[in-house]
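Asker: turn this into a structure:
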Amino acid sequence: MNNDKISEVGINIAEKATVIWNVADMLRGPFKPHEYGLVILPMTVVKRQVCV
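Answerer: Here you go, the predicted structure:
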C-alpha cells in the first residue's frame, strides 16, 4: 500500500510538471533559445522603468 501512495504522488508531480512546461512553452512563443536574450533583456529594462 505504501508503494501505491508513492506512485500516486509521483504521477501527481509529473502532471503538475507537464502543465508548468506547457505554460512555459506557450509563453516563450515563437522564440528560439538563442533569441531569448533579445527578448528578456529589453522586457526587463521596460519593467524596471515602469516600477520606477
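
Asker: what ranges do the helices span in the chain?
Answerer: For the chain, helices defined by DSSP state H occupy the ranges 2-28, 36-51.

Asker: worst-scoring helix or strand of this structure, pLDDT-wise?
Answerer: When each helix and strand of the chain is scored by mean pLDDT, DSSP states H and E, helix 2-28 comes last, with a mean of 75.

Asker: ok so, going back, could the helices of the chain go into TSV alongside mean neighbour count?
Answerer: Placement of C-beta: from N, CA and C, glycine included. Output for the helices of the chain, formatted as TSV (neighbours: other C-beta atoms under 10 Å):
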stretch	mean neighbour count
helix 2-28	9
helix 36-51	10
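
Asker: now do Arg48 against Pro42, distance only.
Answerer: 11 Å (C-beta to C-beta, to the nearest Å).

Asker: for stretch 45-52, the distance to its chain's centre please.
Answerer: 22 Å (C-alpha atoms, centre = their mean, to the nearest Å).

Asker: average model confidence for it?
Answerer: Mean per-residue pLDDT for stretch 45-52: 84.

Asker: nearest residue to the middle of the chain?
Answerer: When the chain is reduced to its mean C-alpha position, the closest residue under C-alpha atoms, centre = their mean turns out to be Ala24, at 3.6 Å.

Asker: from Cys51, how far out is it?
Answerer: 24 Å.

Asker: same check on Val45?
Answerer: In terms of C-beta to C-beta, Val45 sits 11 Å off from Cys51.

Asker: contact partners for Val23?
Answerer: Val23 makes contact with no residue, according to C-beta atoms under 8 Å, 6 or more residues apart in numbering.

Asker: distance check, it against Ala17.
Answerer: On the measure of C-beta to C-beta, Val23 and Ala17 end up 11 Å apart.
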